[in-house]
Every structure is written in structure tokens, then in C-alpha cells.
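> Quick one: sequence and predicted model below, then my questions.
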Amino acid sequence: AQTVTQSQPEMSVQEAETVTLSCTYDTSENNYYLFWYKQPPSRQMILVIRQEAYKQQNATENRFSVNFQKAAKSFSLKISDSQLGDTAMYFCAFSVVTNAGKSTFGDGTTLTVKP
Amino acid sequence: GAGVSQTPSNKVTEKGKYVELRCDPISGHTALYWYRQSLGQGPEFLIYFQGTGAADDSGLPNDRFFAVRPEGSVSTLKIQRTERGDSAVYLCASSLDPGPSGTQYFGPGTRLLVL
């Protein structure tokens, strides 16, 4: 069974600073995708960034980047130049390529960006 | 264009009653997913449709839960003989491409409260 663990239930960061959210996962599969989703207080979840396991290069989307350590099964999210609008719950998720529909989510990290 | 919509946004029912939750995916999206999100937890996969058929229903907790997508567009999640433990936010997502390479777009959810 696949599991996703987010060990930081809550984090805070000052506006314009950098913050890193941690995620570890467990799987025996080799071909999978990892995701970070953002869920603002309004509840609608959006995809922040996606990483394919077979790609060694870390994914980057503007201020968001990941540190993917496949051997360690670690997938952290770095948010640079934090903005007030980044305040949200962040979920790490995992999906095996051969199990097309099923994503496994962690329990989330609540991030608060302080002015 | 319009995003994923879910109705109702809130549903309060009594233990033992039957409820239907509706999801309208983004037009043209062939893949549709249902998740359940309990308070303080990440989304939990329930079922995945590719077109009209349920490609993976391994996440449905028991036979009180059933979902349909008769025309490959709108989907309805049906819960019979509701229990207090069914109280959660039910999220729907759709994607143009099936599998983890396709971006899932989430709806705002239906908050179900079973009294």
C-alpha cells in the first residue's frame, strides 16, 4: 500500500521569506507521479506542481519548486518570496502510473503567511 | 470556461436517510474522480470514472456508497442509510487526460452533515 506522510501540521512564514514543506512517501513502485496541491480557505483545491518519478530534474513553477529525493522517498515543496495569497492548506499526493485514477494524499500542512 | 461544479454545496440529513451528491465536470473531460475529505485529513479516493464506466471503485467504503455517470458527463454519488461517520466534504475532480499525467481540476465540494 502507498502512504504519504506530512510531518508538519502547521507552519508559518513571513511575507517575502522562503519556506519548505516536507513530504515523505512509501511505495514499492518505480513509475509514479508526485504532486503538491493547494487548498485555500475557500476549499477549492488546485494543483501547484507535479513531478514525474523517472525525471531527475526537480520541477519548478514560478516561485514554487520541489526537492525530489527518490532514494529517500522525499518530496519537499519550497515556496520562495512568500505572498499573503499563499496562505492555505498544502497537500502532498502520490499516484502510480499503472493505477491511473487513484491518488493518495497526505493529511496536509496548514501554511500561514504573515504580513 | 466554467470549472467543476458540485451541488448542493451543503447538505444536512438525518441518520438513515438517502442522499445524492452531484458533480458537473469541465466540458470534454472524460475522467472524473470522487474523493472524501474528513475534517483535518487529506482527500481519500473513492471512485474513478473513465467515460461512463467506473474504472476503479476500490475506494468506496462499503455497499451503501454507489456512483454513476450514465452519459459520461455528470456524475452522482449516492449514499444509502447514511451514518454519522459519513459526515465529510465530498470532492469531485475531472481531467481531460486520464491518469496521473492529466491535471485534476477540483470542484468546491459538498459538505455533508449527518445528524
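Great, that's in hand. The structure displayed is predicted, hence computed values, not measured ones.

> Relative to residue B:85, how far out is residue B:3?
Per Cβ to Cβ, to the nearest Å, residue B:3 is found 30 Å from residue B:85. Backbone N, C-alpha and C define where each C-beta goes, glycine included.

> neighbour count winner among the two?
residue B:3 (14 against 10; other Cβ atoms under 10 Å in any protein chain shown).

> Enumerate every residue touching that one.
For residue B:3, the contacting residues are A:44, B:26, B:105, B:107, by Cβ atoms under 8 Å, 6 or more residues apart in numbering or on different chains.

> Of all pairs in those residues, which one is the farthest apart?
Greatest spacing in the contacts of residue B:3, by Cβ to Cβ: A:44 and B:26 (13.0 Å).

> Next SSE downstream of the helix or strand bottoming out on mean pLDDT in chain A?
In chain A, no helix or strand scores lower on mean pLDDT, DSSP states H and E than strand A:103-105, which sits at a mean of 92. Proceeding N to C from strand A:103-105, the next assigned helix or strand is strand A:109-114, under DSSP states H and E.

> Look up the residues forming beta bridges with the one residue sitting closest to the centre of chain A.
Nearest to the geometric centre of chain A sits residue A:36, at 3.1 Å (Cα atoms, centre = their mean). Per DSSP bridges, the residues bridged to residue A:36 are residue A:49, residue A:92.

> Now do the SS call for residue B:72.
coil (DSSP: H, G, I helix; E, B strand; the rest coil).

> one step back: ok, the contacts of residue B:3 vs residue A:80, which is closest?
For the contacts of residue B:3, the minimum distance to residue A:80 (Cβ to Cβ) is 23.8 Å, reached by residue A:44.

> Which residue, neighbours along the chain excluded, lies closest to residue A:20?
Excluding its sequence neighbours, the residue lying closest to residue A:20 (Cβ to Cβ, 6 or more residues apart in numbering or on different chains) is residue A:78, at 4.9 Å.
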